[in-house]
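Peer 1: mind looking at a prediction? Sequence and model below.
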Amino acid sequence: MKRKAFLAASASAAVAAASPAVAPSQQQARAARKALVLVGGVNRGAYQAGVIQALVEKAGLRDGEPLDYDLVCGTSIGALNGYFVSTAQYALLKDLWLSGISSGNVFRFKSPYNKIKNTDSGILSRLSAAVSLGTGLTSNVTGVFDPVPVQAMLDQYIDPSLPVHVPAYIATTNLSQQKGQIFVRHATTSAGMQKQAINDALLAKFPVKNALSNSVPATNGILRQVYFATACLPLAFDPVKIERDDGSGKIDQFVDGGVTANAPITIAQLCATTLEIVLVDPPRKTPHVIYDNAFDVGTGVFETMQQRLLFYQVLLAFAAAKNSLPFDPYVMQPASELPGKLGDFNDQPSLTASWKAGYNDAASGWRKFEFPYAAMLQPFED
């Protein structure tokens, strides 16, 4: 048997054994429910913001009027975009991507790395330069960028006092416990709380953490910490510290949710039968990349890991669908690579072009996603 056939059969068998048992009543509760899934992708999140704006205009909505979703699930920059969907703050989302991020210059080095001159290049390029200096990175330095500007941006755009219309699920990586961890921002409006109640019942057996749990101080800073954590690129920023919600007083370190789940499909699939997923990369082609230094190799490994994680998440979702969790996935994604260097939040023309690409693509509507088993398993062929 070829290796790819063996892996496909093994994956399906594993999911058949591991998929949660879904009672008929739970299946009925999932029916006709819809989830929005926003993947991670650093500055390419501008594409998602353009898609969201087009959806809002098509529905004839204004700020404070929610899109028709029962939950929104996001990782990294996708989770941040999801915040604006959950609170129905569309004008702020547009402002963030068409002026806010680039004008804020949120990626600034800590003082030991100020000698780096290429301050207008992408975050990954500047991080590479910092690593080449090697200042303290093997001793007591856990990140080279100053978190204060990012925290200031989150203070400006994230308001914990706003009503939550759509329950939001935020994927992070708990580095201290070496696992993925989901935080949930519970709905607070009447209609939203009805959706939340159904989600809670469907997720009763799933390990979901509450970002505003009573066992964690429900200060304004908690929610912003969670949104910082989901997009906290390892090595670029110090891990975000959040106190556990079990009363132990222990503090865990969190980094980018893309380390463990770049597309939080599982929660969406447990709660809904229609999944609308906004991707930020074009249909995958076999790449051929030559890496010049250790840092580039490291980032290449991280990107490869995210691609494979996404593949396995989708594979498991489709296998689970055959077993007990049927769903209809639809996608929106760019036809070609988005402009700008990966991680460059200062390049406003490229951010604007990506936003417009998402806005224009949304006019064509969602595309039914068919899982390309043969193509995706090609790398495993003997």
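Peer 2: Arrived safely.
Peer 1: please give the element, helix or strand, for the closest residue in space to residue 362 that isn't next to it in sequence.
Peer 2: Nearest residue to residue 362, sequence neighbours excluded (C-beta to C-beta, 6 or more residues apart in numbering): residue 54, at 3.4 Å. All C-beta atoms are positioned from the backbone trio N, CA, C, and that covers glycine. Counting by DSSP states H and E, the element that carries residue 54 is helix 45-59.
Peer 1: remind me what that helix packs against, helices and strands.
Peer 2: Here helix 45-59 touches helix 77-86, helix 90-95, strand 274-278, helix 348-362, going by 3 or more C-beta pairs under 8 Å, 6 or more residues apart in numbering; DSSP states H and E.
Peer 1: re the thing from before, residues near the residue nearest to residue 362, how many?
Peer 2: Burial of residue 54 is recorded as 18 neighbouring residues (other C-beta atoms under 10 Å).
Peer 1: tell me if I'm right that it and residue 356 touch.
Peer 2: No. Contact criterion C-beta atoms under 8 Å: residue 54 and residue 356 do not qualify, at 10.1 Å.
Peer 1: ok, which stretches of the stretch 201-350 of the chain are helices?
Peer 2: Assigned by DSSP state H, counting those that start in this stretch, the stretch 201-350 of the chain shows helices spanning 220-230, 265-271, 294-323, 348-362.
Peer 1: lowest average pLDDT across the ones you listed?
Peer 2: Mean pLDDT is lowest for helix 294-323 among those, at a mean of 60.
Peer 1: circling back: relative to strand 274-278, how tilted is the helix holding residue 54?
Peer 2: 130 degrees (axes from the mean of the first three to the mean of the last three C-alpha atoms, to 10 degrees).
Peer 1: buried ones in helix 45-59?
Peer 2: Under the neighbour-count criterion of 16 or more other C-beta atoms under 10 Å, helix 45-59 has 45, 46, 47, 48, 49, 50, 51, 52, 53, 54, 55, 56 buried.
Peer 1: can you redo those as JSON lines with distance to residue 160?
Peer 2: Formatted as JSON lines, these follow (distance: C-beta to C-beta, whole Å):
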{"residue": "45", "distance to residue 160": "21"}
{"residue": "46", "distance to residue 160": "25"}
{"residue": "47", "distance to residue 160": "27"}
{"residue": "48", "distance to residue 160": "22"}
{"residue": "49", "distance to residue 160": "21"}
{"residue": "50", "distance to residue 160": "26"}
{"residue": "51", "distance to residue 160": "25"}
{"residue": "52", "distance to residue 160": "21"}
{"residue": "53", "distance to residue 160": "24"}
{"residue": "54", "distance to residue 160": "28"}
{"residue": "55", "distance to residue 160": "25"}
{"residue": "56", "distance to residue 160": "22"}
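Peer 1: number of nearby residues for residue 107?
Peer 2: Number of residues near residue 107 (other C-beta under 10 Å) recorded here: 23.
Peer 1: same question for residue 267.
Peer 2: 23.
Peer 1: pretty sure residue 192 contacts residue 167?
Peer 2: Yes. Counting by C-beta under 8 Å, residue 167 is a contact partner of residue 192 at 6.7 Å.
Peer 1: which of those two has more residues huddled nearby?
Peer 2: Counted by other C-beta under 10 Å, residue 192 and residue 167 do not tie: residue 167 has more neighbours, with 28 against 21.
Peer 1: and the more buried one, what does it touch?
Peer 2: 70, 71, 72, 86, 184, 185, 186, 187, 192, 195, 196, 199 (C-beta atoms under 8 Å, 6 or more residues apart in numbering).
Peer 1: remind me which residues of this structure are low pLDDT?
Peer 2: Residue ranges of the chain with pLDDT under 70: 1-27, 104, 110-144, 205-221, 285-289, 291-324, 371-382.
Peer 1: touching, residue 184 and residue 171? I think so.
Peer 2: No. Using C-beta under 8 Å, residue 184 is not in contact with residue 171; the gap is 10.7 Å.
Peer 1: of these two, which one has the most company?
Peer 2: For the pair residue 184 and residue 171, the greater number of neighbours falls to residue 171 (30 against 23), based on other C-beta under 10 Å.
Peer 1: still on that earlier bit, out of the helices and strands packed on helix 45-59, which is the most enclosed?
Peer 2: Comparing those by mean neighbour count (mean count of other C-beta atoms under 10 Å), helix 77-86 comes out on top with a mean of 28.
Peer 1: quick check: of the contacts of residue 167, which lies closest to residue 273?
Peer 2: residue 70 (10.1 Å; C-beta to C-beta).
Peer 1: give me the number of residues near the closest one?
Peer 2: Residues lying near residue 70 (other C-beta under 10 Å) number 24.
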